[in-house]
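Colleague: A predicted structure for the sequence below; I have some questions about it.
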Amino acid sequence: MTRVCVPITVESIDGVAAALADAGEARLAGADLVEFRLDSMFTGEEPGEIDAAVRLADQTPLPCIMTCRPTWEGGEYDGEDTARIALFERLGTADRPPAYIDVELAAYTRSANLRQKVNLAVDHPKQERQVATRLILSTHDFEGRPADLTRRLADAYAEPAVSVVKVAFRARSLRDNLELFEILRGAPKPTIALGMGEFGLMSRVLAPKFGGFLTFASLRSETTTAPGQPTIAELLGLYRFASIGRATKVYGIVGWPVGHSLSPAVHNAGFDAAGHDGVYVPMPIVAGDDADLGYASFRATVGALLDEASLDLAGLSVTLPHKQNLVPMGADEGWQVDVAGGSAANTLVRHDAATSVHDTDAPAVVSLIESAIGGLTGCRVCIAGTGGVARSIASRLMAEGATVALLSRDEARAAAMVAELARGASAAGNAVVAGDPINEAASVFMNCSPVGMEGGPAPEGMAFPVDQMAAVSPDTVFFDTVYRPRETPMLRAAAARGCRTIDGTAMFVAQAEAQFAMWTGQPPAAGLFARIVDESLSG
């Protein structure tokens, strides 16, 4: 069983009581053990520091790891090793010693004195002790994968006194997780293998799938001890860590960035309600201004994840800016591509050895608009945006008989997209370049751009100048694909004018429900996704 460990920083001798209180909270939250980080407290110079550490080990409500990390390996301790040796000796010979002492591999192998004293601490002959202190040898790199990682691991495993080997380095991409999983699969001794930073979250969440000894989770978001560390509430609640096993199927949200996405919350809740053995995690893939480089990165990363059979990757949601990359990858790989007339897709499905690509955004939009105004034949929909998502939605609306008017700051780009849409054989409607938006007459105005998005390029902007538009009435519908915030400036202005509105959460829920059904073969529990979204956005 992979354990959950909550790291607790002990700020000072006076902070021992607070650290013990945090250990109690960690126990109530579901932690299996705690790590007391002593390096902020311990200087090796002040009286009472070692006694404070012994008190922590004696009074902790959970088994504990004692760590005094030096500055040269990412910690706060900048004193001599002789003082740390005295600390380890006292802890190891205490009446109630810690369950583990964590020592850096580099310190342990370069100092015969430290090695000898640590070995005595973890092999103390006092008979009445119920459990001996065990040794964790650890190696960290906060910059990236160490070039000599293989040698470090071999050196650590070769030490007779070591009980657990720990490796942690800053993940540079999702692909670094695959090497960490390989380390766990082939480990000759209990091993902790974790990627730091946002690219390494997968290694923390999926540790049970590959037999990791433990993973770390902070008690609170502000008390993390390594970049990318989730809270214990997120790990046990959002990601359902306790239910992850060797056979668990993996799903994820691919995009850049993805930290704001509600997809992990809805899909993990859906898996739980349906009894589906799956876990859904964020999967960031970097994208810059160079579209070719972005596609190359996307294809290489997704391909590597799919090729790793032990990962059991069964489905992906693909969001901006990679929606435009999924269709060409599907074509290049010879997968089934089920995207009627569109150039963007948001769903990958992997059943056995068969991979397919789908779009659930456009069908969700059509369904929501039809619910609001009835049939689309002869309807005019004005769309702001000319990206892949806008094109796929426009193509689907035209297939249903609507006229689509495209609004863009770049009229040449809008004209090129109109020409492209006009060549679509399945289109029953028309595509035109929108004129002056102030005088545009349409039944539906839809924003498919990031304008109005929280954290976007124009969070206070409106894709359509609602306050100035002449041809709107209470029957006019304003539809925003943005869901953070739920009420964008455009929707707020439209509501103030008495118009009908559809917010981005409605589209998000509808497309997510369709994805879930594709992956699991059944729809999610009725109303579950909408409730999760409401709770997440109002929390």
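Modeller: Right, received. Where do you want to start? Note that the coordinates shown come from a computational prediction; the quantities given were computed from them, not determined experimentally.
Colleague: In the stretch 51-200 of the chain, where is pLDDT below threshold?
Modeller: In the predicted model, the stretch 51-200 of the chain carries pLDDT under 70 at residues 124-131.
Colleague: quick one, strands of it?
Modeller: Secondary structure of the stretch 51-200 of the chain by DSSP state E, counting those that start in this stretch: the strands cover 64-67, 100-104, 134-141, 162-170, 191-196.
Colleague: Which strands or helices does the second one pack on?
Modeller: Applying 3 or more C-beta pairs under 8 Å, 6 or more residues apart in numbering; DSSP states H and E, one finds that strand 100-104 makes contact with strand 64-67, helix 81-92, helix 112-122, strand 134-141, strand 162-170. C-beta coordinates here come from the backbone N, C-alpha and C atoms, glycine included.
Colleague: go on, the shortest one?
Modeller: In terms of contacts (3+ C-beta pairs under 8 Å, 6+ apart), strand 64-67 is packed against strand 33-37, helix 49-59, strand 100-104.
Colleague: for the last one, same thing?
Modeller: Taking 3+ C-beta pairs under 8 Å, 6+ apart as contact, the helices and strands that strand 191-196 lies on are strand 162-170, helix 175-185, helix 201-205, strand 214-216.
Colleague: ok, 10 Å please
Modeller: Judged by 3 or more C-beta pairs under 10 Å, 6 or more residues apart in numbering; DSSP states H and E, strand 191-196 is in contact with strand 134-141, helix 149-158, strand 162-170, helix 175-185, helix 201-205, strand 214-216.
Colleague: Likewise for the longest one?
Modeller: The contact analysis (3+ C-beta pairs under 10 Å, 6+ apart) places strand 162-170 against strand 100-104, helix 105-110, helix 112-122, strand 134-141, helix 149-158, helix 175-185, strand 191-196, strand 214-216.
Colleague: if you compare these, which one is most tucked away?
Modeller: Scoring these by mean neighbour count under mean count of other C-beta atoms under 10 Å gives strand 191-196 as the most buried, with a mean of 26.
Colleague: just to revisit the earlier point, format the strands of the stretch 51-200 of the chain as JSON lines; extra columns: distance to Met1.
Modeller: Putting the strands of the stretch 51-200 of the chain into JSON lines (distance: least, C-beta to C-beta, whole Å) gives the following:
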{"stretch": "strand 64-67", "distance to Met1": "17"}
{"stretch": "strand 100-104", "distance to Met1": "16"}
{"stretch": "strand 134-141", "distance to Met1": "17"}
{"stretch": "strand 162-170", "distance to Met1": "14"}
{"stretch": "strand 191-196", "distance to Met1": "14"}
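Colleague: quick one: which of these is nearest Glu46?
Modeller: Glu46 lies closest to strand 64-67 among these, at 17.4 Å (C-beta to C-beta).
Colleague: so how far is the closest one from its chain's centroid?
Modeller: Computed by C-alpha atoms, centre = their mean, to the nearest Å, the chain-centroid distance of strand 64-67 equals 28 Å.
Colleague: The closest residue to Cys499 other than its chain neighbours and Arg96, how far apart?
Modeller: In space, and not counting its chain neighbours, Cys499 is closest to Thr476: 4.7 Å by C-beta to C-beta, 6 or more residues apart in numbering. Distance from Thr476 to Arg96, counting by C-beta to C-beta, to the nearest Å: 72 Å.
Colleague: the more surrounded of the two?
Modeller: Applying other C-beta atoms under 10 Å to Thr476 and Arg96 shows that Thr476 carries more neighbours, namely 21 against 14.
Colleague: got the helices and strands packed on strand 162-170 as CSV, with distance to Thr319 columns?
Modeller: Shown next, in CSV, are the helices and strands packed on strand 162-170 (distance: least, C-beta to C-beta, whole Å):
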stretch, distance to Thr319
strand 100-104, 38
helix 105-110, 39
helix 112-122, 48
strand 134-141, 30
helix 149-158, 32
helix 175-185, 19
strand 191-196, 22
strand 214-216, 26
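Colleague: out of the ones you listed, which comes closest to Ser395?
Modeller: Among the helices and strands packed on strand 162-170, helix 175-185 comes nearest to Ser395, with 33.5 Å by C-beta to C-beta.
Colleague: tell me the angle of that closest one relative to helix 149-158?
Modeller: Interaxial angle of helix 175-185 relative to helix 149-158 (axes from the mean of the first three to the mean of the last three C-alpha atoms, to 10 degrees): 20 degrees.
Colleague: so helix 175-185 versus strand 162-170, what angle?
Modeller: Interaxial angle, helix 175-185 versus strand 162-170 (the same axes, to 10 degrees): 170 degrees.
Colleague: packing partners for helix 175-185?
Modeller: Contacts defined by 3+ C-beta pairs under 10 Å, 6+ apart place helix 175-185 against helix 149-158, strand 162-170, strand 191-196, helix 201-205, helix 291-307.
Colleague: Quick one: mean pLDDT over the last one.
Modeller: To tie it back to what came earlier, the one meant is helix 291-307. The average pLDDT for helix 291-307 rounds to 95.
Colleague: Check which residues of it are buried.
Modeller: Within helix 291-307, the residues that qualify as buried are 294-295, 297-299, 301-302, 304-305, counting by 16 or more other C-beta atoms under 10 Å.
Colleague: Can I get stretch 294-314 in PDB? Just the C-alpha atoms.
Modeller: The C-alpha coordinates for stretch 294-314 follow below in PDB (Å, rounded to 0.1, in the frame of the first residue of the first chain):
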ATOM      1  CA  GLY A 294       3.500  23.100 -30.400                       C
ATOM      2  CA  TYR A 295       2.200  20.300 -32.600                       C
ATOM      3  CA  ALA A 296       5.500  18.400 -32.300                       C
ATOM      4  CA  SER A 297       5.500  18.700 -28.500                       C
ATOM      5  CA  PHE A 298       1.900  17.600 -28.300                       C
ATOM      6  CA  ARG A 299       2.300  14.600 -30.700                       C
ATOM      7  CA  ALA A 300       5.500  13.400 -29.000                       C
ATOM      8  CA  THR A 301       4.100  13.700 -25.500                       C
ATOM      9  CA  VAL A 302       0.700  12.100 -26.200                       C
ATOM     10  CA  GLY A 303       2.400   9.400 -28.200                       C
ATOM     11  CA  ALA A 304       4.800   8.600 -25.400                       C
ATOM     12  CA  LEU A 305       1.900   8.400 -22.900                       C
ATOM     13  CA  LEU A 306      -0.100   6.100 -25.200                       C
ATOM     14  CA  ASP A 307       2.900   3.900 -25.900                       C
ATOM     15  CA  GLU A 308       3.500   3.300 -22.200                       C
ATOM     16  CA  ALA A 309       1.300   0.200 -21.700                       C
ATOM     17  CA  SER A 310       1.600   0.200 -17.900                       C
ATOM     18  CA  LEU A 311       0.100   3.600 -17.700                       C
ATOM     19  CA  ASP A 312      -3.300   2.300 -19.100                       C
ATOM     20  CA  LEU A 313      -4.100   5.700 -20.700                       C
ATOM     21  CA  ALA A 314      -7.800   5.300 -21.700                       C
END
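Colleague: Could you tell me how far it lies from the centre of the chain?
Modeller: In terms of C-alpha atoms, centre = their mean, the centre of stretch 294-314 is found 16 Å from the chain centre.
Colleague: mind giving me the domain ranges of this protein?
Modeller: Domain ranges of the chain: 3-246, 253-359, 362-502, per automatic domain parsing.
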